[in-house]
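A.B. asks: got a sequence here, can you model it:
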Amino acid sequence: MSDPCIVTSSDIPDMSGQSPSAWWIDDEGNWRPVDDESELPHQRDPATSHSEALSFLYDWLGMIRIDVRATETIVEWDVQNVQPTCLEEAKTFLDRPQQGREIVLHYCYGGWCRERFPNAASALERLLETEAYRHVAPFEGPTIHPIDLQKLDREQLQYPIRQALQLWESWKAAPEQSLLAFFESPELLEDMILYRRDETGQLVYARIGGSSLFAQAYGHQQTSELIGRNCGLDPDHATPQNPICEAYETVLASGNPRYDRLRATYSRNDMRHWISCERLLLPFTTPVGEEFLISVCCALDTVAIPTSGAGDTISTDLSRTQMA
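C.D. replies: Sure thing, here's the model as predicted:
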């Protein structure tokens with residue numbers, strides 16, 4: 001006897017908000033509705049319950065999750081392990097009008113990445129691009145691209161980066177001033193990380209802003225436990241050998257700021273996620289020889305998989321990546 005809850009894409013309604021609004025496309029291309037109230041375990045949704053269950057559905061069964069909400073539709077899958085039958089169903093679905101909803105592609109390729117599109121046609125084009133990476137191993141290490149500050153259009157820098165650089169230049173012109181200017185800006189204070197040289201010669205965390213990308217990625221509880229510890233340590237690095245921090249000593253020795261565009265993965269809730277950002281490093285040495293380093297990072301619209309003809313960047317009118 002066939003399962004009455006299993007349908008195909010041709011049977012799926014226009015999804016104008018009626019229940020159910022979440023579906024799993026199984027490895028045979030069938031659509032299985034999610035019903036958290038169901039007495040049948042296979043109809044309940046593991047998406048908010050257990051990372052191992054999600055890994056089994058995405059990695060081993062190659063399934064796709066479709067979540068239709070009031071203002072957006074989320075399509076979620078693993079680029080390297082998705083079943084071709086599932087992907088064909090998702091393509092068919094995105095080839096249909098989505099009644100003004102934005103489309104969010106939440107995919108895993110060495111880590112989870114979230115991209116937002118204004119319409120289904122743009123999202124479908126992007127989904128087709130990801131197919132080329134099915135058999136391509138992702139580069140898991142961080143990529144760090146330093147860029148000469150003199151060659152940048154400062155108006156294109158995000159406000160926290162631009163503000164921090166202006167304050168540093170004011171301090172450089174009058175080095176007898178203290179770092180108080182940075183602490184008098186509440187927003188910047190929450191966006192930045194402050195490091196200091198301790199009595200043993202290590203560069204250690206002195207303050208981690210609650211709105212910093214670092215705190216957002218790992219969570220306030222884990223990052224607060226790092227205060228006073230070596231700058232290379234984080235929840236993904238149990239030793240100071242952290243490539244993200246390799247430039248810190250060079251910046252302090254040079255006395256000059258450094259601007260990078262950086263892309264890396266981080267771990268949270270037993271899953272890997274992509275994060276892309278622009279980073280400004282600012283060195284300070286006080287009149288009595290104390291050394292400090294400020295790091296300000298802002299999220300960028302770059303992604304795990306390069307787009308055709310656009311390098312590593314998706315234009316902001318097409319898509320916006322977010323922290324997963």
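A.B. asks: now the lengthiest helix in the chain: how far from the chain's centre is it?
C.D. replies: If you go by DSSP state H, the chain has its longest helix at helix 159-173. Distance of helix 159-173 from its chain centroid, counting by C-alpha atoms, centre = their mean, to the nearest Å, is 26 Å.
A.B. asks: what about dumping the CA coordinates of that helix to PDB?
C.D. replies: Once non-C-alpha atoms are left out, helix 159-173 reads as follows in PDB (Å, rounded to 0.1, in the frame of the first residue of the first chain):
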ATOM      1  CA  TYR A 159      31.200  51.700   8.900                       C
ATOM      2  CA  PRO A 160      32.900  49.900  11.900                       C
ATOM      3  CA  ILE A 161      36.100  49.400   9.800                       C
ATOM      4  CA  ARG A 162      36.100  52.900   8.500                       C
ATOM      5  CA  GLN A 163      35.400  54.400  12.000                       C
ATOM      6  CA  ALA A 164      38.200  52.300  13.600                       C
ATOM      7  CA  LEU A 165      40.700  53.300  11.000                       C
ATOM      8  CA  GLN A 166      39.900  57.000  11.400                       C
ATOM      9  CA  LEU A 167      40.300  56.800  15.200                       C
ATOM     10  CA  TRP A 168      43.600  55.000  14.800                       C
ATOM     11  CA  GLU A 169      44.900  57.600  12.400                       C
ATOM     12  CA  SER A 170      43.900  60.300  14.900                       C
ATOM     13  CA  TRP A 171      45.800  58.500  17.600                       C
ATOM     14  CA  LYS A 172      48.800  58.100  15.400                       C
ATOM     15  CA  ALA A 173      48.900  61.800  14.800                       C
END
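A.B. asks: what's it packed up against?
C.D. replies: With contacts taken as 3 or more C-beta pairs under 8 Å, 6 or more residues apart in numbering; DSSP states H and E, helix 159-173 sits against helix 180-183, helix 186-191, strand 271-285, strand 291-299. In short, each C-beta sits where N, CA and C put it, glycine included.
A.B. asks: of all those, which one is nearest residue 145?
C.D. replies: The closest of the helices and strands packed on helix 159-173 to residue 145 is strand 271-285. By C-beta to C-beta, the value is 9.9 Å.
A.B. asks: need the residues that contact stretch 209-218.
C.D. replies: With contact meaning C-beta atoms under 8 Å, 6 or more residues apart in numbering, stretch 209-218 is reached by 187, 189-193, 208, 220, 223, 234-235, 266, 268, 273, 275, 277, 297-299, 323.
A.B. asks: okay, that stretch in CSV with CA atoms only?
C.D. replies: In CSV, the C-alpha atoms belonging to stretch 209-218 read as follows (Å, rounded to 0.1, in the frame of the first residue of the first chain):
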residue,chain,number,x,y,z
GLY,A,209,32.8,42.6,21.9
GLY,A,210,29.4,41.0,22.3
SER,A,211,28.5,41.9,18.7
SER,A,212,31.8,40.9,17.2
LEU,A,213,31.7,38.2,14.4
PHE,A,214,33.8,36.0,16.7
ALA,A,215,31.2,36.1,19.5
GLN,A,216,28.4,35.6,17.0
ALA,A,217,30.1,32.6,15.5
TYR,A,218,31.0,30.7,18.7
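A.B. asks: kind regards, and thank you for your time.
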